[in-house]
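Q: Need coordinates for the following:
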Amino acid sequence: MSQESTRESATPEDYDAMLETLDVAIEEARRKVESGRVYDAENEKVRIKWIRALAYATNVRRQVTNDRTLEELSKRIEALEDAQQ
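A: Below you'll find the predicted structure:
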């Protein structure tokens, strides 16, 4: 079985909730990166970890947005195909 056939479709509310959670995480990471004070090498290591977390969360948000768009397009295509029959 392919991944497509076993994957459950997320609802628009699921995507909204995921994006909202990611937005909160991104904002927190951005705040830590922008306002964190660096006094020593250890603090700089923590800042680098926050930068990585910010980059990761931003990338995941992009993926979720793309997944939502693909899901919406798939439903529209299905509706068009059903209307033609």
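
Q: Grab the nearest non-local neighbour of V46.
A: Take V46 and drop its neighbours on the chain: the residue closest to it by Cβ to Cβ, 6 or more residues apart in numbering is G36, 7.3 Å away. C-beta here means a position set from N, CA and C on the backbone, and glycine is covered the same way.

Q: how many neighbours does that neighbour have?
A: 13 (other Cβ atoms under 10 Å).

Q: swap in R76?
A: R76: 10 neighbours (other Cβ under 10 Å).

Q: Show me the helices in this structure, by range?
A: In the chain, the helices defined using DSSP state H lie at 3-6, 12-35, 41-84.

Q: can you put those in JSON lines and add mean pLDDT?
A: Shown next, in JSON lines, are those (pLDDT from 0 to 100):
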{"stretch": "helix 3-6", "mean pLDDT": "46"}
{"stretch": "helix 12-35", "mean pLDDT": "94"}
{"stretch": "helix 41-84", "mean pLDDT": "94"}
